[in-house]
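Peer 1: heads up, no residue letters with this:
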């Protein structure tokens, strides 16, 4: 925008006194231009590959579109059909279950391990790297296959639970249990939020603890009254990021269920159903509507979290 | 300083210009390059040929392509391949963008869909021009390449029929012997015997296999599809799935949880059941996957005679966007008729569709003994079925058949897992099918 303004504004500046400012302007314009040129790969990518398709999908969301025939405008029909579709309802259920169980567990574990690692011990860096590693590889297809293997009949998990008297059988084939293997997969990747927690914990001033200790506060009380409020911005950040991330689960469900998001739709997460609708059943209009619905849902969750932070997130006075 | 900056900017502009030019180039890089316009079957052309399948198939097809290119030096074939599911997703995207492959592997479930979308070339003109011969096919299988109304949009490259694959050792141990003309009652009684004597299930799960239910319906004067919709009633399916659910509960059919876990391996080769219904040419996999001996057994009947069988097939099609149609037709003709190609391909895409190729290929010549054994069995099975005179004509599938097939399998799984009561499952299937036909 500023580029255009400069270009139209410059000629109006006339007269001797304006020679230097004009030169200045010209150089400014030139710098602007190079700035935009340097940005152009990103800009082109953003406009062509992100913004363009997003606008197109918003349009398709209100059409009946099978990729071949021209899209037909059908108003809100896709959205009403969605609410009546039993599989869509199922996908919402499955996704919510995954988010509501998986995210808190993951963050609890991340915080717990971060607290342990925050105490200075030897080899701390090593532990940190080790705990972080699953976050790097967890999304890979090969880990999905490993997961299938360890959660099958008579595999590690089945045998382990059997040893303590819990005979559940393999989780992978069981429509009631397979979702928990996905939860386990996301919880296992607690390393990323853990590192963020750790950074937050390092920021808490030591003197607060010392003062509290002098006043006779025990470890639990110190955690509750000092640590938690002091890291609440970091906690907020993690809750936000992890929930948004969880809503978009796709890869692990796809691989662990052997690409069918089954058995009996037990791992039919939202994006998986979206994918089936769009790419396997050629209902691009419906799939686009689903995508926008997901965006709305995630936006709503984000808004609620932002609204709630006034009540529980503590920003230090005068913090820059 | 300013000059230095200018230089930088010029350099940058050059780079930008080059990358824009490159973008333009990729957009122009598709289509046949024959100046001949594709009317001369020997004229120069480059054809994109796409199929689905694994590495062994790719090796064989590439060998056949090399042979074709040697005999037709002016025609170049560019191969593209991926697995089944990815193939159709990619194909849909390419075809909707006006850039489908020139020649591609096709299957009966997709014919009407892509015919309706204007992607499949009507092969009549090429057949009339003599570039593509539609004769000498076994058992009238060329009809499988027609959509309703008789328009030929594909040519069979292999012909398969449904079969019951059995664990021969298990059947022998239980003292059960399948034979031509046995009935469904005989079949389920045999499964009971197997369960009683060997304590294993007899079937890996039959009720979600669309092509098997099709046979059952055909035995009873119906079919899975009519030209435009489902060819059976909600009551029919309620019966089929209710019986199935009882058999899963009683253990006659394997617990679906167990089948799910061994995927992508088959439940039969994992030893979870004594038999499984599938296409006869798929039976090659069992020898490699499992420890037992496997063989092909006849499909059970309703009246003691009619199995309802037909030859289905994998096929080759040409896209309407293809610029070198004559050359493409010639290539398909070569792939389905040339005896040398038959020897190379074997039964990889189904038992060879034309008599010439079928006769040219000798399973004994396979270096892998298990494959040789399996292929011998498949060839014998098809000859036997043909002789029994039970082979009918395939019913063309309406547009959306692919989606219906997937829904049928999935919802039968819901039933087997007790996640849906049969009446609700049947209702859901009918409503999903209706939506699929409209797509």
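Peer 2: Sure, I can see it. In this text, all values refer to a predicted model and were calculated from it rather than measured experimentally.
Peer 1: ok, the closest residue to residue A:153 other than its chain neighbours to residue B:260 distance?
Peer 2: If the residues on either side of it in the chain are set aside, residue A:153 comes closest to residue A:170, at 3.8 Å by C-beta to C-beta, 6 or more residues apart in numbering or on different chains. Backbone N, C-alpha and C define where each C-beta goes, glycine included. Distance, residue A:170 to residue B:260, by C-beta to C-beta, to the nearest Å: 9 Å.
Peer 1: pLDDT score for residue 320?
Peer 2: By default, I'm working from chain A. For residue A:320, the model assigns a pLDDT of 41.
Peer 1: please go with chain B instead
Peer 2: pLDDT recorded at residue B:320 is 97.
Peer 1: now the strands: where do they sit in the chain?
Peer 2: The chain I'm using is chain A. Ranges of strands in chain A, per DSSP state E, are A:63-64, A:72-73.
Peer 1: looking at chain B here, not the other one
Peer 2: Remark: strands assigned in chain B by DSSP E are B:45-52, B:75-82, B:103-107, B:146-147, B:151-152, B:155-160, B:162-167, B:275-279, B:294-297, B:312-318, B:351-352.
Peer 1: hang on, the earlier thing: nearest to residue B:69, out of the strands of chain A?
Peer 2: Among the strands of chain A, the nearest to residue B:69 by C-beta to C-beta is strand A:63-64 (44.1 Å).
Peer 1: hmm, the closest one in reach of chain B?
Peer 2: No - using C-beta under 8 Å from any C-beta of the partner chain, strand A:63-64 stays clear of chain B, coming no nearer than 9.0 Å.
Peer 1: which residues are in contact with that strand?
Peer 2: Identification of contacts with strand A:63-64 by C-beta atoms under 8 Å, 6 or more residues apart in numbering or on different chains yields A:71-74, A:77-78, A:285.
Peer 1: so how many other residues sit close to residue 182?
Peer 2: No chain in the question, so chain A it is. Other residues near residue A:182 come to 26 when the count uses other C-beta atoms under 10 Å in any protein chain shown.
Peer 1: Can you look at chain B instead?
Peer 2: For residue B:182, the count of nearby residues is 20 (other C-beta under 10 Å).
Peer 1: List the residues that contact it.
Peer 2: Contact partners of residue B:182, counting by C-beta under 8 Å, 6+ apart, are B:298, B:300-301.
Peer 1: Name the residue of the stretch 201-320 of chain A that lies nearest to chain B.
Peer 2: residue A:264 (4.1 Å; C-beta to the nearest C-beta).
Peer 1: residue contacts, the residue nearest to residue A:153?
Peer 2: Contacts of residue A:170 (C-beta under 8 Å, 6+ apart): A:151-155, A:158, B:257, B:261.
Peer 1: coming back round to it: take the strands of chain B and lay them out in a markdown table including mean neighbour count and distance to residue B:69.
Peer 2: Formatted as a markdown table, these follow (neighbours: other C-beta atoms under 10 Å in any protein chain shown; distance: least, C-beta to C-beta, whole Å):
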| stretch | mean neighbour count | distance to residue B:69 |
| --- | --- | --- |
| strand B:45-52 | 22 | 10 |
| strand B:75-82 | 17 | 6 |
| strand B:103-107 | 24 | 14 |
| strand B:146-147 | 21 | 30 |
| strand B:151-152 | 18 | 26 |
| strand B:155-160 | 28 | 18 |
| strand B:162-167 | 25 | 36 |
| strand B:275-279 | 24 | 31 |
| strand B:294-297 | 23 | 36 |
| strand B:312-318 | 27 | 17 |
| strand B:351-352 | 28 | 21 |
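Peer 1: I'd like the ones you listed laid out as JSON lines, including distance to residue B:430.
Peer 2: Compiled in JSON lines, these are given as follows (distance: least, C-beta to C-beta, whole Å):
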{"stretch": "strand B:45-52", "distance to residue B:430": "29"}
{"stretch": "strand B:75-82", "distance to residue B:430": "33"}
{"stretch": "strand B:103-107", "distance to residue B:430": "24"}
{"stretch": "strand B:146-147", "distance to residue B:430": "23"}
{"stretch": "strand B:151-152", "distance to residue B:430": "28"}
{"stretch": "strand B:155-160", "distance to residue B:430": "28"}
{"stretch": "strand B:162-167", "distance to residue B:430": "24"}
{"stretch": "strand B:275-279", "distance to residue B:430": "23"}
{"stretch": "strand B:294-297", "distance to residue B:430": "32"}
{"stretch": "strand B:312-318", "distance to residue B:430": "24"}
{"stretch": "strand B:351-352", "distance to residue B:430": "34"}
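Peer 1: TSV please, covering those strands and showing distance to chain A.
Peer 2: Shown next, in TSV, are these (distance: least, C-beta to the nearest C-beta, whole Å):
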stretch	distance to chain A
strand B:45-52	14
strand B:75-82	13
strand B:103-107	15
strand B:146-147	16
strand B:151-152	18
strand B:155-160	23
strand B:162-167	20
strand B:275-279	17
strand B:294-297	23
strand B:312-318	16
strand B:351-352	28
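Peer 1: Any idea which of those strands gets closest to residue A:275?
Peer 2: The nearest among the strands of chain B, by C-beta to C-beta, is strand B:75-82 at 16.5 Å.
Peer 1: what's the distance between residue A:238 and residue A:210?
Peer 2: Taken as C-beta to C-beta, the span from residue A:238 to residue A:210 is 27 Å.
Peer 1: again with residue B:318
Peer 2: Distance of residue B:318 to residue A:210, computed by C-beta to C-beta: 81 Å.
Peer 1: Can you name the residues that contact the closest residue to residue B:284 other than its chain neighbours?
Peer 2: Distance criterion C-beta to C-beta, 6+ apart; nearest residue to residue B:284, sequence neighbours excluded, is residue B:374 at 4.6 Å. Applying C-beta under 8 Å, 6+ apart to residue B:374 gives the contacts B:283-284, B:286-287, B:294.
Peer 1: Flag the shaky bits of the chain, pLDDT-wise.
Peer 2: Picking chain A for this. Low-confidence segments of chain A (pLDDT under 70): A:1-23, A:317-320.
Peer 1: Correction: the question concerned chain B.
Peer 2: B:1-38.
Peer 1: who's in contact with the residue of the stretch 151-300 of chain A found nearest chain B?
Peer 2: For the stretch 151-300 of chain A and chain B, the shortest gap (C-beta to the nearest C-beta) falls at residue A:173, measuring 3.5 Å. If you count contacts by C-beta under 8 Å, 6+ apart, residue A:173 has them with A:152-153, A:263, B:256-261.
Peer 1: Looking at these, spot the one nearest residue B:161.
Peer 2: Nearest to residue B:161 among those, with distances taken as C-beta to C-beta, is residue B:259, at 23.5 Å.
Peer 1: Which residue, other than its chain neighbours, is closest to that closest one?
Peer 2: residue B:267 (4.3 Å).
Peer 1: Report the contact partners of that neighbour.
Peer 2: Neighbouring residues of residue B:267 by C-beta under 8 Å, 6+ apart: B:204-205, B:254, B:258-259, B:273, B:276.
Peer 1: which residues of the stretch 251-400 of chain B fall in helices?
Peer 2: Secondary structure of the stretch 251-400 of chain B (DSSP state H, counting those that start in this stretch): helices located at B:256-262, B:284-289, B:325-337, B:339-345, B:355-360, B:369-387.
Peer 1: Now those in JSON lines, please, with extra columns for distance to residue B:306.
Peer 2: Formatted as JSON lines, the helices of the stretch 251-400 of chain B follow (distance: least, C-beta to C-beta, whole Å):
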{"stretch": "helix B:256-262", "distance to residue B:306": "29"}
{"stretch": "helix B:284-289", "distance to residue B:306": "27"}
{"stretch": "helix B:325-337", "distance to residue B:306": "29"}
{"stretch": "helix B:339-345", "distance to residue B:306": "31"}
{"stretch": "helix B:355-360", "distance to residue B:306": "25"}
{"stretch": "helix B:369-387", "distance to residue B:306": "12"}
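Peer 1: got the residues of chain B near chain A?
Peer 2: B:5, B:8-9, B:12-13, B:16, B:19, B:85, B:88-89, B:92-93, B:95-96, B:117-119, B:256-261, B:263-264, B:403, B:406, B:410, B:413-414, B:417, B:419-420, B:428, B:436, B:439.
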